[in-house]
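[1] coords please:
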Amino acid sequence: MHLHKVTVRNFRLLADADLVLETPTTLIVGRNNSGKTSLSEAIRRFLADQNPKFRIEDFSSASYDRFCDALAARNAGRPDDEVRALIPSIELRLLFQYDPGQPELGPLSDFIIDLDTDCNEALVVARYELRDGAIEALFADQPSGDLTVHDRIVFFQELRERVPELFTDNIWAEDPNDDTNRKPMTMTALRALLRTGFINAQRGLDDDTSRDTDVLAKILTSLFSAAKSPTAGEQEQLIAQALQEAVHDIQSTIQGDFREKLRELMPNLRRIAFQRPEAEGGPCGRTFEDAFMLANPAMFGIEGATSDDQAQCAWDKLDTIKKSEFALKYAIEETAWTPPGYILDGLKWLALGGIPNTDSALGQAAVVVDAPGAAEAHDG
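    Numbers count the residues shown, from 1 in each chain. Just a heads-up that it's a prediction; the model follows:
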């Protein structure tokens with residue numbers, strides 16, 4: 001399977017742009033304001049964001065006249081289907097090529113809907129468009145005649161509020177040879193088909209669409225998970241297994257030598273805490289929040305996943321929460337939880353008066369947590 005072509009329509013600088021991807025790597029080079037960021041941002045919104053949202057400012061400049069044309073058509077009494085056809089939408093089209101002779105096509109098989117045995121392409125469309133039945137709400141209380149300059153300004157001010165409320169994202173598989181042959185799909189199915197990741201070398205001052213925390217780590221985690229999946233190639237699975245074994249060896253060495261070497265380096269250091277897996281062979285949290293989720297998998301609906309899936313699910317959830325709201329919720333509203341293991345270890349170290357000489361000594365210190373903020377450490 002190969003992602004052959006990407007098409008973006010009506011997004012920022014890209015009114016209608018096609019990009020054919022080379023194998024194995026495509027390098028995009030262009031002058032400032034030529035659409036490089038618009039391309040990556042369109043892909044990010046549809047494939048990385050939990051709930052893709054766009055603003056009226058995200059529509060290409062050519063789209064603004066079409067909004068006005070749609071209003072004029074509605075005022076003229078044109079049928080709703082004609083009015084809807086004039087209303088702009090932001091669209092991402094992904095054309096895949098595959099080998100029909102392959103016995104298994106993995107997640108791509110759900111997107112292949114044509115009946116042509118000679119066809120080796122599958123088309124996926126993601127579109128941000130007006131909800132069904134929302135035409136009246138979109139144009140409510142707007143002028144019924146020709147728009148003056150002032151009317152136009154007021155019209156787009158109203159659209160700025162209404163577009164995020166009345167537009168939604170829809171995804172479908174489309175027959176490459178018949179655009180009327182479609183099959184509705186889900187965002188989950190699309191993300192299972194195509195994994196994306198972005199490393200931001202430079203961020204615009206007006207770009208508030210993404211969080212740049214540990215981006216590289218998230219990309220490596222996604223690549224590792226993809227390489228371990230049953231649909232990955234044999235070579236990729238062997239590489240993933242070798243990496244997993246190498247990481248396990250490194251973790252074992254660190255756990256065995258870390259305390260001793262650290263004490264030699266800093267003999268006066270009494271205590272230090274660091275992240276560690278919540279279960280033997282399980283994933284390790286990278287922040288307090290995802291360590292908290294991994295320590296309480298049932299609370300966050302990830303108890304049935306594999307170790308790699310748990311780590312990815314916990315990390316993905318970080319994009320949907322605010323640290324302050326997270327802390328208040330589990331400090332006040334929901335208190336039946338287990339503290340992350342690295343916090344429990346730290347409390348045990350405190351009970352022993354410093355870093356224990358052996359792991360067995362650490363195991364002899366117990367910590368009882370009755371409620372958040374109320375912890376008692378004791379020997380035995």
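[2] please make it C-alpha for all contacts and neighbour counts, starting now.
    Will do.
[3] how about the nearest residue to Asp290, chain neighbours excluded?
    Distances taken as CA to CA, 6 or more residues apart in numbering put Ala314 closest to Asp290, at 5.3 Å, once the chain neighbours are dropped.
[4] so where do the strands sit in the stretch 101-250 of the chain?
    121-130, 167-175, 178-185 (DSSP state E, counting those that start in this stretch).
[5] can you redo those as TSV with mean neighbour count?
    Formatted as TSV, those follow (neighbours: other CA atoms under 10 Å):
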stretch	mean neighbour count
strand 121-130	22
strand 167-175	21
strand 178-185	13
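[6] how about CSV for those strands, with distance to Gln142 and mean pLDDT added?
    Below are the strands of the stretch 101-250 of the chain laid out as CSV (distance: least, CA to CA, whole Å; pLDDT from 0 to 100):
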stretch, distance to Gln142, mean pLDDT
strand 121-130, 17, 96
strand 167-175, 18, 95
strand 178-185, 33, 94
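[7] Pro52 against Phe46, yeah?
    Yes - Pro52 sits in contact with Phe46 when judged by CA atoms under 8 Å, with a separation of 5.7 Å.
[8] ok, these two, which is more surrounded?
    Using other CA atoms under 10 Å as the criterion, Pro52 and Phe46 rank with Phe46 on top: 23 against 17.
[9] which helix or strand contains the more buried one?
    Under the criterion of DSSP states H and E, Phe46 resides in helix 36-47.
[10] just to revisit the earlier point, out of the strands of the stretch 101-250 of the chain, flag the one nearest Ala242.
    strand 121-130 (33.1 Å; CA to CA).
[11] residues in contact with the closest one?
    Outside strand 121-130, the residues that touch it by CA atoms under 8 Å, 6 or more residues apart in numbering are 46, 54, 87-98, 108, 111-113, 163, 166-176.
[12] repeat that for 6 Å
    With CA atoms under 6 Å, 6 or more residues apart in numbering as the test, strand 121-130 has contacts from 89-97, 112, 166-174, 176.
[13] before we move on, what about stretch 284-298?
    By CA under 6 Å, 6+ apart, stretch 284-298 touches Arg276, Pro277, Glu278, Glu303, Ala314, Pro340.
[14] try stretch 237-253
    Taking CA under 6 Å, 6+ apart as the rule, stretch 237-253 contacts Ala227, Lys228.
[15] let's see 7 Å
    Applying CA atoms under 7 Å, 6 or more residues apart in numbering, the external contacts of stretch 237-253 come out as Phe224, Ala227, Lys228.
[16] and that stretch, what's buried?
    Neighbour counts over stretch 237-253 (16 or more other CA atoms under 10 Å) mark Gln237, Ala240 as buried.
[17] what separates it from the chain centre, distance-wise?
    26 Å (CA atoms, centre = their mean, to the nearest Å).
[18] avg pLDDT for it?
    Mean pLDDT, stretch 237-253: 79.
[19] just stretch 304-319 next, same as before
    pLDDT averaged over stretch 304-319 gives 77.
[20] any residues touching that stretch, and which ones?
    With CA under 7 Å, 6+ apart, stretch 304-319 has contacts from Ser225, Gly282, Pro283, Asp290, Met293, Leu294, Ile302.
[21] mind putting those residues into CSV with secondary structure and distance to Glu333?
    Converted to CSV, these look like this (DSSP: H, G, I helix; E, B strand; the rest coil; distance: CA to CA, whole Å):
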residue, secondary structure, distance to Glu333
Ser225, helix, 34
Gly282, coil, 28
Pro283, coil, 27
Asp290, helix, 19
Met293, helix, 16
Leu294, helix, 19
Ile302, coil, 21
